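In: no sequence for this one, just the structure:
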């Protein structure tokens, strides 16, 4: 089995097959979940400790195609380059990377759903606990090691200006394993909602293998808006390298969708900060 087929989103290597290769994917603290608003607990303590973030626009260094989408890696050695704190977090967290999930068409694509509703996509800004742990890899092995900001994408007639900077780089990373330098600053803060900072939070996992159960999820209620054309460019990515033959799967080697379906919340608490 080639590296590009180790795991993915086809019938042969999709989410239903992950637990056989990555045991944590069968755990009780898995993500994503369906956010059932009627069971969300309004937590006033979240308002008393507001969620804050700071990102230097120069932080984004490289965009890569790992075979299942695009990912922007950020500069990790500058301790002042980024900071996420407050809300449900007991420590300061540093941005490691951000990436996106999308669907075959704009009716699906988000990993988390809200009362069963899917959005057209979902951005994930992945942070690690830099106060307790020395590296991202170390943090990922602990229950409080990671914090991910989830941002829903909603289709609009207008393009999103910051997303467009990413779109312009896609043609340089069409095939798995390709990477490109980010030459124009991408400001992560402009990928977050600008007006409504209400959110849901719960304890979960990474949504891609190895599905480590180390994530405090913070899912913004307000989506950001992107164009259909921007999502179409995302779907032009390939799951195989330029040296490999196009795999004979139902996607013809394209990354047409890359989202994991919702999993049971179980007995985990779902909290919210602010009403809809």
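Out: Everything's here; your move. Quantities reported herein were computed from a predicted structural model and do not represent experimental measurements. Residues are numbered from 1 along each chain as shown.
In: ok now stretch 104-119, how far from the chain's centre?
Out: 14 Å (Cα atoms, centre = their mean, to the nearest Å).
In: mean confidence for that stretch?
Out: For stretch 104-119, mean pLDDT rounds to 97.
In: for stretch 181-196, same thing?
Out: Mean per-residue pLDDT for stretch 181-196: 91.
In: poorly predicted segments of the stretch 51-200 of the chain, please.
Out: Counting by pLDDT under 70, the stretch 51-200 of the chain shows low-confidence ranges at 76-77, 195-196.
In: what about the helices in it?
Out: Under the criterion DSSP state H, counting those that start in this stretch, the stretch 51-200 of the chain contains helices at 136-139, 161-170.
In: how about CSV for the ones you listed, with distance to residue 209 and mean neighbour count added?
Out: In short, each C-beta sits where N, CA and C put it, glycine included. Shown next, in CSV, are the helices of the stretch 51-200 of the chain (distance: least, Cβ to Cβ, whole Å; neighbours: other Cβ atoms under 10 Å):
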stretch, distance to residue 209, mean neighbour count
helix 136-139, 15, 17
helix 161-170, 23, 18
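In: with distance to residue 64 as new columns, can these be given to me in JSON lines?
Out: What follows is the helices of the stretch 51-200 of the chain, written out as JSON lines (distance: least, Cβ to Cβ, whole Å):
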{"stretch": "helix 136-139", "distance to residue 64": "15"}
{"stretch": "helix 161-170", "distance to residue 64": "10"}
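In: which stretch among those helices comes nearest residue 227?
Out: Distance to residue 227, taken as Cβ to Cβ, is lowest for helix 161-170 among those, at 8.5 Å.
In: contacts for that closest one, please.
Out: Here helix 161-170 makes contact (Cβ atoms under 8 Å, 6 or more residues apart in numbering) with 63, 70, 72, 159, 180, 182, 184, 186-187, 190-191, 224, 226, 230, 233-234, 236-237.
In: swap in stretch 221-234?
Out: Applying Cβ under 8 Å, 6+ apart, the contact partners of stretch 221-234 are 69-70, 100, 102, 106, 109, 119-121, 123, 151-160, 163-164, 167, 170, 191-193, 195-200, 255, 274, 276.
In: among the residues you listed, name the ones in strands.
Out: 100, 102, 121, 123, 151, 152, 153, 154, 155, 156, 199, 200 (DSSP state E).
In: which among these end up buried?
Out: With neighbours counted by 16 or more other Cβ atoms under 10 Å, the ones in strands among the contacts of stretch 221-234 contain buried members at 100, 102, 121, 123, 151, 152, 153, 155, 199, 200.
In: in JSON lines: those, plus distance to residue 129.
Out: JSON lines is the format used below for those (distance: Cβ to Cβ, whole Å):
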{"residue": "100", "distance to residue 129": "23"}
{"residue": "102", "distance to residue 129": "28"}
{"residue": "121", "distance to residue 129": "27"}
{"residue": "123", "distance to residue 129": "21"}
{"residue": "151", "distance to residue 129": "21"}
{"residue": "152", "distance to residue 129": "25"}
{"residue": "153", "distance to residue 129": "27"}
{"residue": "155", "distance to residue 129": "34"}
{"residue": "199", "distance to residue 129": "19"}
{"residue": "200", "distance to residue 129": "20"}
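In: tell me the buried residues in stretch 218-228?
Out: For stretch 218-228, the neighbour count (16+ other Cβ under 10 Å) marks 218, 219, 220, 221, 222, 223, 224, 225, 226, 227 as buried.
In: for it, give the mean pLDDT please.
Out: For stretch 218-228, mean pLDDT is 97.
In: go on, stretch 246-253?
Out: For stretch 246-253, the mean pLDDT works out to 78.
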